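**Student:** Pasting the sequence and the predicted model now:
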Amino acid sequence: DTGVSQNPRHKITKRGQNVTFRCDPISEHNRLYWYRQTLGQGPEFLTYFQNEAQLEKSRLLSDRFSAERPKGSFSTLEIQRTEQGDSAMYLCASSTAGGAAGYTFGSGTRLTVV
Amino acid sequence: QKEVEQDPGPLSVPEGAIVSLNCTYSNSAFQYFMWYRQYSRKGPELLMYTYSSGNKEDGRFTAQVDKSSKYISLFIRDSQPSDSATYLCAMSPMDSSYKLIFGSGTRLLVRP
């Protein structure tokens, strides 16, 4: 286990379709985060899990977005009824309880909605 | 106005130059300050982490935080072509240190 793994790396979907992304964190990390990064911008916080509990959701996370982390291991991020504005890089990160200093990011899933 | 402002660049320098990257911020509650490097189509990679004010040095990299001016800097000495990437500043407050607020990133190109 050498890092945070995200799949798929790239997803192209038609507007209105549902998509699901997966994140496998570093095994000893109990915190998991999702961020969204659009072209030319820095990542924006979406949501955060401590073990299996989702502790915070950004207002950026509309009703079409849902994230889960069953059993406190891997996490999934689902987007329903995708819109062109959802096109972005979706980044997953994990850390221990130390928080900000201990983040490790995955390489992201690039979503293109056509 | 964004909480964290960062000049997008691009910044082009010759190999061996000293590079200075900066961010300003508006939220006085920020206590943790980080610099990340992001190569194309990759996730951000932590370079430097500083708590509160002061300087921190690690090899060719020096991070400075001036909380009185709400201004942070990253200096890269003896820049190399492999340093060409986007550099993102990030910060978080004490009461929600798990949540990072990023700048928009500065693209750096180091010419051989």
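**Tutor:** Cool, got the structure.
**Student:** Quick check: closest non-adjacent residue to residue 44.
**Tutor:** If you meant another chain, say so; for now it's chain A. Taking Cβ to Cβ, 6 or more residues apart in numbering or on different chains, and ignoring the residues beside it in sequence, A:E44 has A:R36 as its nearest neighbour in space, at 5.3 Å. Bear in mind the C-beta positions are built from the backbone N, C-alpha and C, glycine included.
**Student:** that's the wrong chain, I wanted chain B
**Tutor:** Beyond its immediate neighbours in the sequence, the residue positioned closest to B:P44 (Cβ to Cβ, 6+ apart) is B:Y36, lying 3.7 Å away.
**Student:** do you know how far that neighbour is from B:I18?
**Tutor:** With the distance defined as Cβ to Cβ, to the nearest Å, B:Y36 ends up 20 Å from B:I18.
**Student:** Once you drop chain neighbours, what's closest to the residue of chain A found nearest chain B?
**Tutor:** The nearest approach of chain A to chain B comes at A:G42, 3.0 Å away (Cβ to the nearest Cβ). The shortest distance from A:G42 to any residue other than its chain neighbours is 3.0 Å, reached at B:F102 (Cβ to Cβ, 6+ apart).
**Student:** Run through who's touching the helix or strand of chain A with the lowest mean pLDDT.
**Tutor:** For chain A, scoring each helix and strand by mean pLDDT, DSSP states H and E identifies strand A:53-57 as the least confident one, at a mean of 92. Outside of strand A:53-57, the residues that reach it under the criterion Cβ atoms under 8 Å, 6 or more residues apart in numbering or on different chains are A:L46, A:T47, A:Y48, A:F49, A:A67, A:E68, A:R69, B:S96, B:K99.
**Student:** coming back round to it: quick check: the residue nearest to B:P44 is in a strand.
**Tutor:** Yes: the assignment for B:Y36 is a strand, going by DSSP: H, G, I helix; E, B strand; the rest coil.
**Student:** OK, contacts around it?
**Tutor:** The contact partners of B:Y36, taken as Cβ under 8 Å, 6+ apart, are B:P44, B:E45, B:L46, B:L47, B:Y87, B:L88, B:C89, B:A90, B:F102.
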